[in-house]
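Peer 1: Provided below are the primary sequence and the corresponding predicted coordinates.
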Amino acid sequence: MSKRAIHMYSWDGGTEADQDPPEHVHCGTDGAMEDEQLSNDWRYVTCKRCLRIRMKELATRTAEDRDQKVKLFDEAQALTIPLGHRNISTAIKCLIRDLGQVRAERDRLRDDRDSLLEAGADLL
Ligand SMILES: [Zn+2]
């Protein structure tokens with residue numbers, strides 16, 4: 001007798017609110033199954049239907065991740081284009097450089113102010 005397929009059966013013992021194990025294995029195949037035909041670890045699943053569904057789910061998730069990345073990229077680029085940069089990395093590098101210059105300038109102005117305040121106090 002050939003070895004029977006092992007299905008994905010993602011029951012982790014349930015939660016306090018929901019202790020019931022799922023009625024179906026991942027692919028929805030009905031029928032009585034032995035414990036050794038069920039696994040909650042994809043590495044041991046051999047059922048072709050379960051694996052095909054898994055592939056589709058992963059492909060969907062990959063596509064969603066890619067769409068999300070594209071959306072975030074577009075949002076970031078919409079911010080950097082008015083700054084004169086189509087390349088987001090270049091824009092960030094420029095902003096970091098500008099920030100350093102602005103901070104240095106701020107520190108110089110503070111020093112000038114402090115010097116002026118000291119000089120002013122001496123006059124009083
Ligand atoms: Zn299956």
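Peer 2: Cool, got the structure. Residues are numbered from 1 along each chain as shown.
Peer 1: element containing the residue most central in space within the chain?
Peer 2: Central residue of the chain (CA atoms, centre = their mean): Asp65, 8.0 Å from the mean position. Asp65 belongs to helix 48-80 when assigned by DSSP states H and E.
Peer 1: how far does stretch 51-63 sit from the chain's center?
Peer 2: Offset of stretch 51-63 from its chain centre (CA atoms, centre = their mean, to the nearest Å): 17 Å.
Peer 1: mind listing what's buried along the longest helix belonging to the chain?
Peer 2: If you go by DSSP state H, the chain has its longest helix at helix 88-123. By neighbour count on 16 or more other CB atoms under 10 Å, the buried set for helix 88-123 is Ala91. For every residue, glycine as well, the C-beta is placed using N, CA and C.
Peer 1: and His85, its phi and psi?
Peer 2: The phi/psi pair for His85 (degrees, to the nearest 10) reads phi -130, psi 120.
Peer 1: ok so, going back, and the angle from the helix holding Asp65 to helix 88-123?
Peer 2: If you take axes from the mean of the first three to the mean of the last three CA atoms, to 10 degrees, helix 48-80 sits at 40 degrees to helix 88-123.
Peer 1: pull the number of nearby residues for Cys47.
Peer 2: Cys47 has 21 neighbours, counted by other CB atoms under 10 Å.
Peer 1: elements contacting the longest helix of the chain?
Peer 2: helix 48-80 (3 or more CB pairs under 8 Å, 6 or more residues apart in numbering; DSSP states H and E).
Peer 1: which helices and strands does the helix it packs on pack with?
Peer 2: So helix 48-80, by 3+ CB pairs under 8 Å, 6+ apart, packs with strand 7-8, helix 88-123.
Peer 1: that one and the ion, are they touching?
Peer 2: Yes - against the ion, helix 48-80 shows contacts by CB under 5 Å from the ion at 49-50.
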